[in-house]
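**Q** here you go, sequence then predicted model.
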Amino acid sequence: MFIGIDDTDSPAGMCTTYLGAVLVRRLKSAGLTIRETRLVRLNPNAPFKTRGNAAICIEASGRPETAFSIAAALIDDLADLSCENTNPGLVVTEERPDPAFYWKAVRDFCTIEEAKEILEENCALYRGWKNGRGLIGATAAAASVLPDLTSELLAYRRREVWGTPRSVEKASIFAAEAATYPHTWDSADPQNSVVVCVPHTPDPVLFGIRGESEAWVREARALVRAEESEIEQIWVTNQGTDAHLVDGTIGRLLEGRSYRVQGTVAERATTGAGGHVSLTILGTDGERLRCMAYEPTKGFREIVRALLPGDGILAVGSYKNESLNLEKLRADRLVADRLLRPPLCPDCGRRMTSAGRDKGYKCRECGRRAGDPEIITTPRAIRTGWYEVPPTARRHLSKPLVRDQGEA
Ligand code: ATP
């Protein structure tokens with residue numbers, strides 16, 4: 001059976017994955033067999049998400065009614081039901097719901113009615129608390145298929161320290177990252193000297209190690225020195241897989257979806273208040289698209305600023321408020337960085353001036369004329385290829401470039 005759960009947390013605390021980790025232990029104690037623990041991230045632009053739009057699915061064998069009653073009791077006990085925006089959903093189904101619903105929840109928007117319709121068709125056991133919005137994520141998690149997947153080991157704090165500062169030895173995180181990269185990633189951002197895998201929110205997560213397999217996240221975890229955890233759970237995830245992306249065309253992008261879009265740089269990027277960088281690219285029919293690299297994307301903004309009019313790029317990110325918020329980009333075609341200026345007069349050595357439109361150049365001193373300008377070519381600051389935001393600014397679903405290393 002597939003046990004899907006979502007929307008149990010609030011900004012004040014709890015985390016659906018923690019509830020799932022506790023549930024795994026309770027199901028085992030009740031004699032059920034756990035087959036897989038899956039953590040899926042859904043549309044990062046979903047309007048009611050608390051943080052990273054996570055939902056979980058536990059694949060297990062046993063009596064569905066037993067699983068349902070244990071899970072429902074745990075949600076009653078742990079979910080932060082006092083928060084208006086916490087509307088848990090629980091689904092237990094022996095048939096995996098149509099994966100199309102999962103893809104819609106990752107790439108688009110779904111309604112509670114759509115989720116219920118699928119659950120009815122599947123004869124699933126389900127319950128929505130309050131407005132039941134969590135049934136969307138719970139159904140999507142149960143319906144999920146992961147053609148590409150990664151692992152995350154999540155360590156959870158003991159209850160008595162929830163809400164207090166986390167005690168994690170920073171140097172050990174950098175050491176774990178150094179020892180296991182590129183098989184694990186985003187525990188730290190060495191370039192910006194920041195630990196990425198320890199949250200600052202009041203939820204139960206102590207830290208999370210992301211990597212290509214259970215073996216690698218375990219290896220990295222063994223190197224981390226931190227306060228004692230209550231429990232630890234390894235999840236199979238769609239994180240770092242680009243599952244949210246579809247190919248898009250400038251002029252035809254829909255709000256709240258995430259795209260790969262081809263375009264030609266219209267003009268040099270500009271830097272606005274707060275250090276946010278804006279770049280306009282053009283579609284084949286001249287439609288314009290504003291791409292944003294916000295201040296937290298740090299050094300990535302230098303890449304965007306280095307682009308020149310005429311460069312061809314593949315821009316990747318979410319389309320929100322009529323801007324594509326860049327997660328990464330591929331520079332496909334770079335124009336020569338050429339500056340044209342009037343030539344020096346071969347007779348008197350002075351800089352000539354324009355003789356008028358399409359009339360070449362003229363020396364104001366001696367009257368000599370010349371046709372061609374002087375061309376100054378500056379080497380480009382960037383090369384063709386992929387560029388990405390640093391780990392500190394990475395979205396859960398974004399595939400780190402390092403995952404493609406070694407692939408054809
Ligand atoms: P956490 O990461 O800590 O679990 P969260 O960011 O996952 O928190 P939730 O509290 O789960 O946030 O809230 C997200 C809500 O949005 C859920 O009710 C979920 O069912 C719903 N939801 C998720 N994806 C979509 C979607 N594509 N369309 C509509 N609703 C969605």
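**A** Here it is on my side, so go on.
**Q** domain assignment for the chain?
**A** The record's domain parsing of the chain by automatic domain parsing lists 2-143, 150-237, 245-334+383-403, 337-378.
**Q** list the contacts of the closest residue to Arg157 other than its chain neighbours.
**A** Leaving aside its chain neighbours, Arg157 sits nearest to Leu206 (4.8 Å; criterion: C-beta to C-beta, 6 or more residues apart in numbering). In this view, the C-beta of every residue, glycine as well, is placed from N, C-alpha and C. Neighbouring residues of Leu206 by C-beta atoms under 8 Å, 6 or more residues apart in numbering: Ala155, Tyr156, Arg157, Arg166, Val168, Val198, Ala226, Glu227, Ser229.
**Q** the one helix or strand Leu206 maps to pairs with which strands?
**A** Leu206 is part of strand 205-211, with elements assigned from DSSP states H and E. Counting by DSSP bridges, the strands paired with strand 205-211 are strand 150-157 (antiparallel), strand 184-185 (antiparallel).
**Q** excluding chain neighbours, what is closest to Arg51?
**A** Of all residues not flanking Arg51 in the chain, Thr201 sits nearest, at 6.9 Å (C-beta to C-beta, 6+ apart).
**Q** now do Thr241
**A** Thr241 sits nearest to Asp148 (C-beta to C-beta, 6+ apart), 4.2 Å away.
**Q** A helix includes that neighbour, no?
**A** No. Counting by DSSP: H, G, I helix; E, B strand; the rest coil, Asp148 falls outside a helix, being coil.
**Q** please report phi then psi for it.
**A** Main-chain dihedrals, Asp148, degrees, to the nearest 10: phi -130, psi 140.
**Q** before we move on, back to that, comparing the strands paired with strand 205-211, which comes out most buried?
**A** Ranked by mean neighbour count, the strands paired with strand 205-211 are led by strand 184-185 with a mean of 26 (mean count of other C-beta atoms under 10 Å).
**Q** in the stretch 301-408 of the chain, what residue lies closest to the ligand?
**A** Taking C-beta to the nearest ligand atom as the measure, the stretch 301-408 of the chain has His396 as its residue closest to the ligand, at 8.4 Å.
**Q** where in the stretch 151-300 of the chain is pLDDT low?
**A** Applying pLDDT under 70 to the stretch 151-300 of the chain flags no residue at all.
**Q** tell me where the stretch 151-300 of the chain has strands.
**A** Assigned by DSSP state E, counting those that start in this stretch, the strands in the stretch 151-300 of the chain fall at 184-185, 188-189, 194-195, 205-211, 229-237, 245-248, 258-265, 270-271, 277-282, 288-293.
**Q** hang on, I meant the stretch 301-408 of the chain
**A** 312-320, 323-333, 337-341, 353-354, 361-362, 369-370, 374-378, 385-388.
**Q** buried sites along the longest one?
**A** Right, strand 323-333. Applying a neighbour-count criterion of 16 or more other C-beta atoms under 10 Å, one finds Ser323, Leu324, Asn325, Leu326, Glu327, Lys328, Leu329, Arg330, Ala331 buried in strand 323-333.
**Q** would you mind giving those as JSON lines with pLDDT and distance to the ligand added?
**A** Converted to JSON lines, those look like this (pLDDT from 0 to 100; distance: C-beta to the nearest ligand atom, whole Å):
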{"residue": "Ser323", "pLDDT": "98", "distance to the ligand": "20"}
{"residue": "Leu324", "pLDDT": "98", "distance to the ligand": "19"}
{"residue": "Asn325", "pLDDT": "98", "distance to the ligand": "17"}
{"residue": "Leu326", "pLDDT": "98", "distance to the ligand": "21"}
{"residue": "Glu327", "pLDDT": "98", "distance to the ligand": "18"}
{"residue": "Lys328", "pLDDT": "98", "distance to the ligand": "22"}
{"residue": "Leu329", "pLDDT": "98", "distance to the ligand": "25"}
{"residue": "Arg330", "pLDDT": "98", "distance to the ligand": "26"}
{"residue": "Ala331", "pLDDT": "98", "distance to the ligand": "31"}
